[in-house]
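> Dropping a prediction and its sequence here:
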Amino acid sequence: MITQLSPVLEAILLAADQPLSVERLGQVFDEHDGVDNKRIRQALKELQKSYDGKGFELVEVASGFRFQVRQNYALWVSRLWQEKPQKYSKALLETLSIIAYQQPITRGEIESIRGVGVSSSIIHTLIDRLWIRSVGHKEVPGRPELFATTKAFLDHFNLKQLNDLPALDELASWDEATMAPAKLKNPQQQEIEVVTEPVH
Amino acid sequence: MITQLSPVLEAILLAADQPLSVERLGQVFDEHDGVDNKRIRQALKELQKSYDGKGFELVEVASGFRFQVRQNYALWVSRLWQEKPQKYSKALLETLSIIAYQQPITRGEIESIRGVGVSSSIIHTLIDRLWIRSVGHKEVPGRPELFATTKAFLDHFNLKQLNDLPALDELASWDEATMAPAKLKNPQQQEIEVVTEPVH
Amino acid sequence: MDAKVEGQAYDIPRDLYIPPHALQVILETTFEGPLDLLLYLIRRHNLDIISIDVSHITYQYIAYIELMEANMFELAGEYLVMAATLAEIKSRSLLPRTENIYDDEEDPRVRLIKQLQEYERFKKVSEEVAQLPRMERDVFPVNMIMPDVKKTHPQPEVEMEELLSAYTQVLKRCEMYEHHTISRETLSTRERMSSLMAQLQEHQFMAFEDLFTFAEGRMGVVVTFLAIMELVKEKLIKLIQAQEYGPIHVSLGGKNDSPNQEMNV
């Protein structure tokens, strides 16, 4: 019977190199330990509170709980880290976001939203990072792969679930007559279409 | 000016992948931070005390300070790291079954039955597991080793003797035709002798 | 290049034309494609698409494409499609207008607006996603020295059924091989006797099992065995065994130069 569960969980989570779910933590204990998932959840909650004002925190992400250094200290930590964080291109982030919000989605569908081809290297980078994976094929000619995001993606972006992603805006309203965003509507310009003289 | 130095040091040391000396820690700060080595040393001492009863500790080793998981929690950490047993490959199982039914047999013979090569790692795994051993050499060019199963093999499969290996329907006729010639007189008895008695 | 709006000179926005040498850099680094570029121009310059001199831009794009390196061709194609869409919109706008002449599916304007709306949504949200606290940039994993831990590698368990099924598969595979072989070549005992004699003439003294070719499968081995028995009976060959249960050797019947005992068959 373990009377002091908190330091044990602390030790396990600190030694682990990946987030651990309550279930996974539970597997560490045997029947003599008298530890069930409810006790674990309770202890984790208490632990989380106990790190107020500390340089680190215990957070829950998609695949479980993990310790991480608090964001407010990133400045000093990054001075220590020789490696600069990897930069990702706008194209990659757009592709990733479209997959995250529209999953499961084919490469062709991503391309039609972006209005431009999606390079294979972007898809490969996302797969290599384990942020997306193929989850099947769409039953259309060519049976293209369907991509979806993974738990590792949520983990990397500090999210517990897809719902925690920033909300997607409503479609902006556009004026179809002028092809301009509604708020930019300008009556003067609107008349141009009729009177503009072709140059050639 | 940093007023709360402890959490900053905590963050830096937790993110570092090696011990950091007071001097190295000092390099992270600039003149505006108002941090000198004396302040660092003081803060580290306070931090060390604050981890009483926690699952981890801050210790000073030769090259500096580092966080480590307390030794008394090694048991649980080790349970986390216990690997799930892997499955043996089909190639290994086939090799083992051929040795069991057709022993003593050379690697070359196993290969010609399987129609593909038998990797050294399979043979080594089976020897390491104490399921097979070399029982001599075949008197043919190259004098290849002859492999046979062991008592440990019988124990693992709950067999008293090789005779207890289940008979496959087709086995009888197959054995007669392909068994090593020395066994032609009485194949089954011969098998048992190889396993239970030292050959030399 | 000037257009007149109710008699007043009006500057046509020229932003859609980008000199070819600059375009590669701009397209690859600044804009994520023709939609992105168009969206930028619309937002930034209050650009009314209808008012653009689309035909001019189209010519510029075509000129650009001609100048372009082969490896940029795919990208050029996408911008060209956009230029074509704009040209189509422009040309339709010049036609006398009647209400509802195009349904929504057909109208390139509706299509383009939908595309722009959709794209803008994702462009915006992807900028927000980029700002999310990210591992190794905003938050860092905690590295801690582990206590001394004995890592154990439990060994896989094997069930008797697995072993049997593996062996059954081996046997099945041999049979498949056998059928394949047999269909190609008819094995007869006599033929095999001849080839065995030939082998023994070459090597004189051979291990019994070396006379067998396991790859031939069961049938082949049986034929060889029968052939050997036949040869022994006909005293063409001899079986020699040095000690009980020792390896058996075979030599031609005529010259038994080994002191070993002969084997009773």
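Okay, I see it.
> Can you give the contact residues for stretch A:6-25?
Residues from elsewhere that reach stretch A:6-25 (CB atoms under 8 Å, 6 or more residues apart in numbering or on different chains): A:2, A:28, A:37, A:40-41, A:43-44, A:46-47, A:50, A:58, A:61-67, A:155, B:53-56, B:67, B:69-70, B:73, B:76-77, B:80-81, C:141-142, C:144, C:146-147. C-betas here are computed from N, CA, C, even on glycine.
> Pick out the residue nearest the middle of chain A.
With distances taken as CA atoms, centre = their mean, A:Leu154 lies nearest the centre of chain A, 3.9 Å away.
> Test my guess that that one contacts A:Lys160.
Yes: using CB atoms under 8 Å, A:Leu154 is in contact with A:Lys160, at 6.9 Å.
> shared neighbours, the two?
Both A:Leu154 and A:Lys160 are contacted by A:Val61, A:Ala62, under the criterion CB under 8 Å, 6+ apart.
> related to what we said a few turns ago, just the buried ones among the contacts of stretch A:6-25, please.
Among the contacts of stretch A:6-25, those scoring as buried are A:2, A:28, A:40, A:43-44, A:47, A:58, A:61-67, A:155, B:54-56, B:67, B:69-70, B:73, B:76-77, B:80-81, C:141-142, C:144, C:146-147 (criterion: 16 or more other CB atoms under 10 Å in any protein chain shown).
> Out of those residues, name the ones that lie in helices.
Among those, the ones falling in helices (DSSP state H) are A:Ile40, A:Ala43, A:Leu44, A:Leu47, A:Asp155, B:Trp76, B:Val77, B:Leu80, B:Trp81.
> between these, which is closest to C:Ser126?
Set against C:Ser126, the nearest of these by CB to CB is A:Asp155 (18.9 Å).
> OK, contacts around the closest one?
Shown in contact with A:Asp155 (CB under 8 Å, 6+ apart): A:Pro19, A:Val61, A:Ala62, A:Ser63, A:Arg66, C:Met135.
> what's near enough to touch the nearest residue to it once chain neighbours are set aside?
Taking CB to CB, 6 or more residues apart in numbering or on different chains as the measure, A:Asp155 lies nearest to A:Val61, with 4.5 Å between them; neighbours along the chain are not counted. Residues near A:Val61 by CB under 8 Å, 6+ apart: A:Pro19, A:Leu154, A:Asp155, A:Asn158, A:Leu159, A:Lys160.
> What does the last one show for phi and psi?
Put plainly, it is A:Lys160. The phi and psi values for A:Lys160, taken as degrees, to the nearest 10, are phi -90, psi -40.
> And it, how close does it get to chain C?
Computed as CB to the nearest CB, to the nearest Å, the A:Lys160 to chain C distance reads 12 Å.
> That residue touches A:Glu60, doesn't it?
Yes: with the criterion set as CB under 8 Å, A:Lys160 and A:Glu60 qualify as a contacting pair; they are 5.7 Å apart.
> any weak-confidence spans in chain A?
Across chain A, the ranges flagged by pLDDT under 70 are A:82, A:171-200.
> all helices for it, in order.
Using DSSP H, the helices of chain A run over residues A:5-15, A:22-26, A:37-50, A:74-80, A:90-102, A:107-114, A:120-128, A:151-156, A:187-190, A:192-195.
> Using the three-state scheme, assign the closest residue to A:Pro85 other than its chain neighbours.
Of all residues not flanking A:Pro85 in the chain, C:Arg137 sits nearest, at 3.8 Å (CB to CB, 6+ apart). Secondary structure state of C:Arg137, per DSSP: H, G, I helix; E, B strand; the rest coil, is coil.
> Name the nearest residue to the closest residue to chain A within chain C, ignoring sequence neighbours.
Scanning chain C for proximity to chain A using CB to the nearest CB identifies C:Gly33 as nearest, at 2.8 Å. Here the nearest residue to C:Gly33 in space, its sequence neighbours aside, is A:Val116; by CB to CB, 6+ apart that works out to 2.8 Å.
> next one: A:Leu14
Once flanking residues are discounted, A:Leu14 sits nearest to C:Met144: 4.6 Å by CB to CB, 6+ apart.
> Phi, psi for that neighbour please.
Per-residue torsions, C:Met144: phi -130, psi 140 (degrees, to the nearest 10).
> That one contacts B:Phe56, correct?
Yes: using CB under 8 Å, C:Met144 and B:Phe56 qualify as a contacting pair, with a distance of 6.2 Å.
> A:Glu83 is in contact with the residue nearest to A:Pro85, correct?
No: in terms of CB under 8 Å, C:Arg137 does not count as a neighbour of A:Glu83; the distance is 10.9 Å.
> neighbour count winner among those two?
More neighbours surround C:Arg137 than the other of C:Arg137 and A:Glu83, with 16 against 7 (other CB atoms under 10 Å in any protein chain shown).
> about what we covered before: which pLDDT value belongs to the residue nearest to A:Leu14?
What the model reports as pLDDT for C:Met144 is 82.
> Tell me where chain C is predicted with low confidence.
Filtered on pLDDT under 70, chain C yields the residue ranges C:1-30, C:41-76, C:93, C:96-106, C:150-154, C:176-191, C:194, C:254-265.
> Going by residue numbers, what spans are strands in it?
C:2-5, C:8-11, C:140-141, C:205-207, C:237-241, C:248-252 (DSSP state E).
> Could you confirm whether the third one reaches chain A?
What it means is strand C:140-141. Yes: on the criterion CB under 8 Å from any CB of the partner chain, strand C:140-141 is in touch with chain A at C:Phe140, C:Pro141.
> which residues touch that strand?
Counting by CB under 8 Å, 6+ apart, the neighbours of strand C:140-141 from elsewhere in the structure are A:Asp17, A:Arg66, A:Phe67, A:Gln68, A:Val69, A:Ala74, A:Val77, A:Trp81, B:Ala11, B:Leu14, B:Ala15, C:Met135.
> doesn't A:Gln48 make contact with the second one?
No: proximity of A:Arg66 to A:Gln48 does not meet the contact threshold set by CB under 8 Å, at 11.6 Å.
> okay, and the common contacts of the two?
With contacts taken as CB under 8 Å, 6+ apart, A:Arg66 and A:Gln48 have A:Leu58, A:Val59 as neighbours in common.
> Now A:Phe153: closest residue in space, sequence neighbours ignored.
In space, not counting the residues next to it along the chain, A:Phe153 is nearest to A:Trp131; the distance is 3.9 Å by CB to CB, 6+ apart.
> how deep is the residue in chain A that chain C sits nearest to tucked in, by neighbour count?
Shortest chain A-to-chain C distance, computed as CB to the nearest CB: residue-wise this is A:Val116, at 2.8 Å. Counted with other CB under 10 Å, residues neighbouring A:Val116 total 27.
> From A:Thr3, how far off is it?
Distance from A:Val116 to A:Thr3, counting by CB to CB, to the nearest Å: 61 Å.
> Likewise for A:Ser50?
Using CB to CB, which is the criterion applied here, A:Ser50 is 17 Å from A:Thr3.
> Ok, A:Gln71 next?
Computed as CB to CB, the A:Gln71 to A:Thr3 distance reads 34 Å.
> Compare these two (neighbour count), which wins?
Relative neighbour count places A:Gln71 above the other of A:Gln71 and A:Thr3, with 17 against 5, counting by other CB under 10 Å.
> nearest residue to that one other than its sequence neighbours?
The shortest distance from A:Gln71 to any non-neighbouring residue, by CB to CB, 6+ apart, is to C:Asp138 (4.9 Å).
> isn't that neighbour right up against A:Ala74?
Yes: using CB under 8 Å, C:Asp138 is in contact with A:Ala74, at 5.2 Å.
> who touches both of those two?
Common contacts of C:Asp138 and A:Ala74, defined by CB under 8 Å, 6+ apart, are absent altogether.
> thinking again about what came up before, reformat the contacts of A:Asp155 as CSV; add distance to C:Gly217.
CSV is the format used below for the contacts of A:Asp155 (distance: CB to CB, whole Å):
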residue, distance to C:Gly217
A:Pro19, 54
A:Val61, 57
A:Ala62, 54
A:Ser63, 51
A:Arg66, 57
C:Met135, 58
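> Thanks a lot, catch you later.
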